[in-house]
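Participant: can't give you the sequence, but here's the structure:
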Ligand code: UDP
Ligand code: MG
């Protein structure tokens, strides 16, 4: 994008320059520390910023702490969801309300260093529309999480049409246009990494080292991460559904060749009584493949079901500082 176009948009009084979007779920105690680090960074970039905090149905004092901070700094805006919807939906809610020309989603636990936003803004001013933060290492994760995450990216990118960059989370800067494009994606299953990748636009990356959580515990458990990975894969490719045509073809072909050979052998050498082992193996093998294939179809149908119900993605209880 040319500098003149960018400047013209900057002169537009209606939209502000920079929105930070922060989903929060039971982050009491860490919030003071978070704002203490985020605000100076944003203020150094521009006076014209907003921090949109989404309280994702917290059951602790997160909301009270947010309100206290808002009474101190009115640039802090709050969306209170009616219950816990999960991080990706909370983030979608925040993006819907963000009015910035540049929008930066980040975590409340300071694992996404706010200082990086300045670097992202520079890339954005150069004309990039998506500037994602790439972790230069995953030292802050456990070995199991590192390995399983590695598998996920490898499998996803091998079978999905559009690859997602590995070692990149939701921490990124997106242009207003990208944000509008995201809002126009109708799906209920908000696998944000996949959606970010799908919309495209001019992309650049900046590197950072992911720190440990500053306060409190991570809300992810392995079962949830597994569900998340399934959402990611079923959300961006139908390959697991389609592969069974070919598996079925290969298995049938093998069965055909084998039965021909067996028939010929029986004709020439008579009936061979022992055969229990081979029978059992093929029955179990085929049974297993059948159940697996049905299960995969079930994963997709379950998601089709949530899509066709067309429920709203999230429900807002109340907002503070938001015009709409
Ligand atoms: N979060 C949320 N809703 C949830 C779980 C988490 O809004 O149901 C927020 C959380 O408050 C934090 C961010 O999402 O700001 C990342 O969560 P967490 O640190 O637990 O995830 P991890 O860093 O381990 O991936
Ligand atoms: Mg975290």
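Facilitator: Looks like it arrived, so ask away. Model, not experiment: these values are computed from the prediction. Ligands and ions are numbered 1, 2, ... in the order given.
Participant: Please list the outside residues in contact with stretch 181-195.
Facilitator: Residues from elsewhere that reach stretch 181-195 (CB atoms under 8 Å, 6 or more residues apart in numbering): 88-89, 91-92, 95-96, 105, 160, 162, 164, 168-170, 174, 196, 198-199, 201, 228, 231-232, 234-236, 303, 306-307, 309-311, 313. Every residue, glycine included, has its C-beta placed from N, CA and C.
Participant: which strands and helices sit next to the longest helix anywhere in the chain?
Facilitator: For the chain, the helix that runs over the most residues, judged by DSSP state H, is helix 276-308. Under the contact definition 3 or more CB pairs under 8 Å, 6 or more residues apart in numbering; DSSP states H and E, helix 276-308 sits against helix 222-236, helix 239-269.
Participant: now that helix: mean pLDDT?
Facilitator: The average pLDDT within helix 276-308 is 80.
Participant: Now do the buried residues in that helix.
Facilitator: Within helix 276-308, the residues scored as buried using 16 or more other CB atoms under 10 Å are 293, 296, 303.
Participant: same deal with stretch 164-182?
Facilitator: 164, 166-176, 178-179, 181-182.
Participant: what's the span of it from first residue to last?
Facilitator: End-to-end span of stretch 164-182 (CA to CA, to the nearest Å): 16 Å.
Participant: do the same with stretch 107-114
Facilitator: Its start and end residues considered, stretch 107-114 measures 10 Å (CA to CA).
Participant: How far away from the center of its chain is that stretch?
Facilitator: Stretch 107-114 sits 16 Å away from the centroid of its parent chain (CA atoms, centre = their mean, to the nearest Å).
Participant: Repeat that for stretch 275-288.
Facilitator: 40 Å.
Participant: Next: stretch 106-115.
Facilitator: When distances are taken as CA atoms, centre = their mean, stretch 106-115 is centred 16 Å away from the chain's centroid.
Participant: same thing with stretch 196-214?
Facilitator: Centre-to-centre, stretch 196-214 and its host chain are 12 Å apart (CA atoms, centre = their mean).
Participant: In the stretch 201-324 of the chain, what residue lies closest to ligand 1?
Facilitator: Residue of the stretch 201-324 of the chain nearest ligand 1, by CB to the nearest ligand atom: residue 218 (3.2 Å).
Participant: remind me which residues of the protein are low pLDDT?
Facilitator: 1-15, 138, 219-220, 272, 276, 324 (pLDDT under 70).
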